[in-house]
Each structure stands twice: as C-alpha cells, then as structure tokens.
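Student: Predicted structure and sequence below. I'll ask about it afterward.
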Amino acid sequence: MKLENIEDIQNFDNNNFVHPWEYMKDVGKNKRMFAEKAKGIYLYDEYGEKLIDGPGGMWCVQIGYGRPEMAHAISDQIIKMPYYSPWNMSSSPSAILAKKIAELAPGDLNHVFFTTCGSTAVDSAIRFVHFYNNVLGRNKKKKIISREKSYHGSTYLSATMCGKNRDKDWMDTATELVHFLPDVNPSRRPEKISVDEFLENKISDLENAILKLGAENVGAFIAEPVLASGGVIVPPNGYHKRCLEVCHKYDVLYISDEVVTAFGRLGHWFASKEVFGIEPDIITCAKGLTSGYVPMGACIISDKIFSEISGNSAKEATFSNGYTYSGHPVSSAAALKNIEIIENEGLLEHVHEISPYFQQRINDLNKLPLVGETRGVGLVGCVEGRIVEPENAGALELDIEMGSRIDKHCQALGLIVRPLWNMCVFSPPLIITPEQIDEMFNILEQGILRTAEELVQEGLWKG
C-alpha cells in the first residue's frame, strides 16, 4: 500500500485502530505521536524528533531499544522453527527458558507455565488457584483478596483483581470473586498515625478480611510488590513478609505479581525475596522477560503446591488452561537472549549503582509547584501532582488537565511521560546513564514549571 504522507497513516489509526483504553468521545479525532524508530533509551516520532522514553514502553524495555543481538536471536529462531503446538510437543528454547527461570526464581518456584503477557499470567495464576483447590476437594475456597490501587491486567479474570476503580467504571468484572483491602500507601495514612501503626493496621486488614470471608472460602492473596500503575506505591517495610505469614496461617496462597518488578527493575531477577524477603507460592511475570521485544508472560508455581495435585495426588485431573502461543519458541529465544544480555552487561549491578541517583533526582522535584509527592524504589518512580485535595469537587478534572499539560510540554521538549491522571511514572530502560537521568528530569522540571505558569495565568490554580 502506497502512503502519500503521515496524514494518511494518522487517518488509518483514527479510523481503524482501536487502542487500549480508547476514550470513545475522541474516536476519529486523536493526534497520537507515532513511534517510528528507537535506539537506546530514545524513541523517534513520525517527524524524526528524538524523545526519551520515560516509562520504558510500559515498564518493560529493560535492555533498551535497537539491540541487533536480539534481532538476530529472533530471526534465527524464526528461520529455524517459528512455531509448534504446545499441547502435544515442546521445543528446546521453551524447555531451556523454563529451566533458566526456575534457577532465577526464589525458593522452590520451579514450575513455569508460559503465557502471552502479564494479564494472561495473572489469569492463569487465578485459574490455577481454583484448580488446585478443586483437586483438593475444597470447592468453596475461591475468593481472592486484592488491594485498592492495584493493577493486575485486562482479561476478564485479571481485571477483576484490579483495585483501580476508574478503570472499571464502564466494564463488568466478576465482583463476587474478589475482596479489596484498603490503600496501603503510607503517605495516605491518617494524621498522628505512625508508619509502624499503619503497618499493623494493614496487616490487620488482611487477617480480618480472611476471618470475615472465612478461611475456607479464601483461595489466595494477590499483591504487586510495588503497586506500579497505582502510582508506584511502596508499602511499609515488612508488609509483604507479614502478609505472607498471615496467608500461610490460614492456608491461603500468596501470589506475587511481579509483571513490573521482575527482571531487573529493582536490581534483581525477582524482587519478592531479594527486596521484600518473601518466597511466595506463585509469581507472575512478563514485560521485562523479553524487554518488550516480543510478547511473553509466565506464571511460576512452587514445588510445594504443585506436588499436592500432581503425580499420585492428581486424581486424573487436567489443568485445562493454555494458549496457542504458550512457550512460543521465538518468544523463548528472545527471553533467553534478553537474560543473557542482562547478565553479560551487568545490568542488575548497574541498577544498584544508579538507582540512588535516580531516586535523588526524582525526590528533588518536591521543591516544584504542583508537585504533591514523589516516591519510588530501584529504577521506578512517580511524581504525583496536586492542585487540590482529591476529595474536593472537580479534583479529577483538574488532575487530568494538569497531567495532560505536563505531558504536552514534556513531549515538545523531548520526553515521553505518559501520565496516569495526575501522576508521571518513570521506569526507563535499565541501561540509562546519570547524564540521561539528568536530561530526563530536567525536561520534566521544565514541563511542570510551564504548566504551573499556564494554570495561574488562566485562573485554574492560585499557585
């Protein structure tokens, strides 16, 4: 198809491409940036302008863009053997990757179920919990406990587990399957409540929920180590370890949703044990597994629970869950090459070295107007803007307006922000340098200052 100019392509995008989270009022009128080329931490738009990719795609481009060794690994596998049916055969890349992930995962998490993305990894984890309890004859033990502000995916089942109400305003979910715990953000704790007291309250929230629902009805607790899309919320120290203890006290499985935090984002292959001190029963991952070069996810299950329903304990049961592309050989080859690059280039060590400076620079933005709070851990962070308090009338509209303006100014200056309402989240490629960190946050600072000036001039904010 011959294209005369970029306007033709923009029209195709507006008229034919239904995007995720499509705002239906703007269908046919969007003016999205087109990412046409990429290298390192930078994207290039349809006009050839270079922009830093602040969110790292969607929390996933660990090794950076334009890696020829990844392209060769992918193309070599395509030429050698592009696909097999995972129902009745296997392939070397898939088996080798499963073994490698088992070696990298904490504790006895040695059974790897491959999926197509993070949503299907979470979906599979929930289905496995239900299957597990059915095989054990505990047919009522199906409720899942999740948390406010959490994000776990957009399949019907994974979206059910999400605690971000705005994402579900117009969408149905299986509400009878899930119970949500209150916000775990320490900065939102009531006045005169210490962080230690807040932690005790959060642990009580979980235990009380299990007791209220009945332990015989609760199958699992699912938690992101860091609530990423919820605004990079880091729970109080010790939270995850205490939650795991409560779960095991009542025979409730613990699912650690590491779709964002795994494969180097916090300087480790997995954050559950190395950062937060837990060995969960199930881990879900995706994104950084292939650095976003091709789609892939995984649900990793512990030997302990797997052994309870397999072999002589299987009762003729079949885990009838799977995907056409489970363990796809091309994705497996890409994941293996991705892990090899991270190892060979010492990217985990690089994250440890550079994270303090990244966090320092993001925290320095607290001095700016409009900035209500900054937070983060490792190489992930959030700058939350605040014009009025959230409970005030019109707060949502002002949040959206502020985030949109900051995004517009930053993009003009050479930075992709992708705001979540009033929050700018950052998870740049792990290869980022101190000089590039400066470049990124200097642009963000200018974007915030320009937005503040505009809002004052237009009478939308008093300053």
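Tutor: Received it, and whenever you're ready, just let me know what you need.

Student: When you work out contacts or count neighbours from here on, use the C-alpha atoms and nothing else.
Tutor: Noted.

Student: correct me, but S90 touches Y84?
Tutor: Yes. Using C-alpha atoms under 8 Å, S90 is in contact with Y84, at 7.1 Å.

Student: phi, psi of L379?
Tutor: Main-chain torsions, L379, degrees, to the nearest 10: phi -110, psi 50.

Student: Just to check, P429 is in contact with L43?
Tutor: No. Checked against C-alpha under 8 Å, the pair P429 and L43 is beyond contact range at 11.7 Å.

Student: Between those two, point out the one with more neighbours.
Tutor: Each of P429 and L43 has its neighbours counted (other C-alpha atoms under 10 Å); P429 has more, 29 against 23.

Student: Which secondary structure state is assigned to that one?
Tutor: Put simply, P429 is coil when judged by DSSP: H, G, I helix; E, B strand; the rest coil.

Student: mind checking how far it is from W269?
Tutor: Remark: distance between P429 and W269 (C-alpha to C-alpha, to the nearest Å) = 15 Å.

Student: Surely S331 is within a strand?
Tutor: No. Counting by three-state DSSP, one finds S331 to be helix, located in no strand.

Student: That one: neighbour count?
Tutor: By other C-alpha under 10 Å, the residues close to S331 number 29.

Student: So it is in contact with G297, correct?
Tutor: No. S331 lies out of contact with G297 (C-alpha under 8 Å); the separation is 9.4 Å.

Student: got the CA coordinates for the host helix or strand of D123 in PDB?
Tutor: Following DSSP states H and E, the helix or strand that holds D123 is helix 118-135. The C-alpha coordinates for helix 118-135 follow below in PDB (Å, rounded to 0.1, in the frame of the first residue of the first chain):
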ATOM      1  CA  GLY A 118       1.100 -10.200  32.200                       C
ATOM      2  CA  SER A 119      -2.700 -10.300  32.100                       C
ATOM      3  CA  THR A 120      -2.800 -13.900  31.000                       C
ATOM      4  CA  ALA A 121      -0.100 -14.800  33.500                       C
ATOM      5  CA  VAL A 122      -2.400 -13.400  36.300                       C
ATOM      6  CA  ASP A 123      -5.400 -15.000  34.700                       C
ATOM      7  CA  SER A 124      -3.600 -18.400  34.700                       C
ATOM      8  CA  ALA A 125      -2.500 -17.900  38.300                       C
ATOM      9  CA  ILE A 126      -6.100 -17.400  39.500                       C
ATOM     10  CA  ARG A 127      -7.300 -20.300  37.400                       C
ATOM     11  CA  PHE A 128      -4.500 -22.500  38.900                       C
ATOM     12  CA  VAL A 129      -5.600 -21.500  42.500                       C
ATOM     13  CA  HIS A 130      -9.200 -22.500  41.700                       C
ATOM     14  CA  PHE A 131      -8.000 -25.700  40.000                       C
ATOM     15  CA  TYR A 132      -5.700 -26.500  43.000                       C
ATOM     16  CA  ASN A 133      -8.500 -26.200  45.500                       C
ATOM     17  CA  ASN A 134     -10.900 -28.200  43.300                       C
ATOM     18  CA  VAL A 135      -8.400 -31.100  43.100                       C
END
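
Student: If we go by neighbour counts, what in the longest helix along the chain is buried?
Tutor: Counting by DSSP state H, the longest helix found in the chain is helix 434-457. For helix 434-457, the neighbour count (16 or more other C-alpha atoms under 10 Å) marks 437, 440-449, 451-452, 455 as buried.

Student: residues contacting the residue most central in space within the chain?
Tutor: Closest residue to the average C-alpha location of the chain: V260 at 3.5 Å, with C-alpha atoms, centre = their mean. By C-alpha atoms under 8 Å, 6 or more residues apart in numbering, the contact list for V260 reads W59, C60, A228, C285, A286, K287, G288.

Student: What is the neighbour count of the second one?
Tutor: Right, C60. 28.

Student: For stretch 300-317, which residues meet the burial criterion?
Tutor: Buried-residue list, stretch 300-317, by 16+ other C-alpha under 10 Å: I300, I301, S302, I305, F306, I309.

Student: Stretch 41-51 now?
Tutor: I41, Y42, L43, Y44, E49, K50, L51.

Student: what's the distance between the nearest residue to K99 once chain neighbours are set aside and N165?
Tutor: Once flanking residues are discounted, K99 sits nearest to N110: 7.7 Å by C-alpha to C-alpha, 6 or more residues apart in numbering. N110 sits 34 Å away from N165, going by C-alpha to C-alpha.

Student: More neighbours: those two, which one.
Tutor: N110 (22 against 11).

Student: Sitting in strands, which of the contacts of V260 do you find?
Tutor: C285 (DSSP state E).

Student: If you rank the contacts of V260 by neighbours, which is first?
Tutor: A286 (31 neighbours).

Student: Helices of the stretch 251-400 of the chain, residue ranges please.
Tutor: 271-274, 303-307, 329-344, 347-364, 395-413 (DSSP state H, counting those that start in this stretch).

Student: do the same with the stretch 51-200 of the chain
Tutor: Using DSSP H, counting those that start in this stretch, helices in the stretch 51-200 of the chain cover 56-59, 68-80, 92-104, 118-135, 156-160, 195-213.

Student: so where's the stretch 251-400 of the chain uncertain?
Tutor: For the stretch 251-400 of the chain, the stretches with pLDDT under 70 are 388-395.

Student: ok so, going back, ok, so of the contacts of V260, who is nearest E36?
Tutor: C60 (18.0 Å; C-alpha to C-alpha).

Student: Pull the contacting residues for that closest one.
Tutor: C60 is in contact with V260, K287, G288, S291, G292, S427, P429, counting by C-alpha under 8 Å, 6+ apart.

Student: What of R418?
Tutor: Counting by C-alpha under 8 Å, 6+ apart, R418 touches P55, D407, C424, V425.

Student: how would you label the closest residue to V456 other than its chain neighbours: helix, strand or coil?
Tutor: Nearest residue to V456, sequence neighbours excluded (C-alpha to C-alpha, 6+ apart): K462, at 5.7 Å. Of the three states, K462 takes coil under three-state DSSP.
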